[in-house]
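Visitor: make a model of this:
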Amino acid sequence: MSNQYTELLKNRRSIYGLGKNVSLSNDNIVSLVKEAVKESPSSFNSQTSRVVVLFNESHDKLWDIVEAALRKEVPADAFEATSNKLASFRAGKGTILYFEDMDIVKNLQEQFALYADNFPVWSEQASGIAQHSVWTALAVENIGASLQHYNPLIDDAVRAEFDLPASWNLRAQMPFGSIEQAAGEKEYMDDAARFRVFN
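Guide: Sure, this is the predicted structure:
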């Protein structure tokens with residue numbers, strides 16, 4: 001069985017061959033991202049997710065920051081593969097940065113002490129849902145993307161470069177753009193290993 005939504009989910013793939021040939025305007029992309037994040041659920045309707053959309057020089061600057069940070073960590077003789085990977089992200093139309101506002105998480109922990117240990121977990125879940133919602137919405141528009149995690153290595157530099165609040169905790173980076181190389185065949189593990197049904 002399939003339905004319209006699950007068919008849309010199948011279009012959301014990790015796309016690494018990105019380009020700048022996107023038909024949507026920057027404003028329309030931003031509107032799409034905003035709507036997808038706003039309609040994503042969060043515990044207690046806390047709306048902890050924060051998003052920064054980077055285009056043009058700001059997009060390039062983000063990947064310059066990542067490259068500078070990785071040069072300190074990756075051996076020089078192994079950096080070519082890393083450099084090529086970063087170039088594929090830089091080739092895209094832009095990057096979406098996903099954050100969680102930890103001030104809200106802390107306030108909720110204080111207000112609802114019984115659930116204090118759960119709020120950081122629920123924050124991570126809210127972030128994941130927001131990321132997936134945006135990723136799927138982009139795929140509907142034939143815009144490719146992938147999800148990257150160079151945090152916390154780049155956190156301080158990103159906050160400083162884009163003048164972001166200290167309470168915003170970077171969770172992921174999503175380079176996006178035109179699909180210049182399609183994803184390969186997706187493999188699925190056996191259903192029996194993942195699902196159980198009881199009547």
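Visitor: now stretch 22-42 - C-alpha only, CSV.
Guide: Extracted as CSV, the C-alpha positions of stretch 22-42 are listed here (Å, rounded to 0.1, in the frame of the first residue of the first chain):
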residue,chain,number,x,y,z
VAL,A,22,17.3,25.9,-9.3
SER,A,23,14.1,27.3,-10.8
LEU,A,24,12.7,28.7,-7.5
SER,A,25,13.8,32.1,-6.5
ASN,A,26,15.7,32.6,-3.2
ASP,A,27,12.6,34.2,-1.7
ASN,A,28,10.4,31.2,-2.7
ILE,A,29,13.0,28.8,-1.2
VAL,A,30,13.0,30.8,2.1
SER,A,31,9.2,30.7,2.2
LEU,A,32,9.1,27.0,1.6
VAL,A,33,11.7,26.4,4.4
LYS,A,34,9.7,28.7,6.8
GLU,A,35,6.4,26.9,6.1
ALA,A,36,7.9,23.4,6.5
VAL,A,37,9.6,24.3,9.8
LYS,A,38,6.5,26.1,11.1
GLU,A,39,4.3,23.0,10.4
SER,A,40,6.7,20.6,12.0
PRO,A,41,5.6,19.4,15.5
SER,A,42,7.5,20.0,18.7
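Visitor: measure residue 196 to residue 188 for me?
Guide: Using Cβ to Cβ, to the nearest Å, one obtains 17 Å as the distance from residue 196 to residue 188. C-betas here are computed from N, CA, C, even on glycine.
Visitor: that should have said residue 5, apologies.
Guide: The span separating residue 5 from residue 188 equals 18 Å under the rule Cβ to Cβ.
Visitor: what's the answer for residue 130, then?
Guide: Applying Cβ to Cβ to residue 130 and residue 188 gives a distance of 25 Å.
Visitor: of these two, give the one with the bigger neighbour count.
Guide: residue 130 (28 against 6; other Cβ atoms under 10 Å).
Visitor: tell me the secondary structure at that one.
Guide: helix (DSSP: H, G, I helix; E, B strand; the rest coil).
Visitor: with residue 50 instead?
Guide: Under three-state DSSP, residue 50 falls in the strand class.
Visitor: tell me how many other residues crowd it.
Guide: Every residue meeting other Cβ under 10 Å relative to residue 50 is counted, giving 21.
Visitor: one more: residue 197?
Guide: Here the neighbour count serves as a burial measure; for residue 197 (other Cβ under 10 Å) it reads 4.
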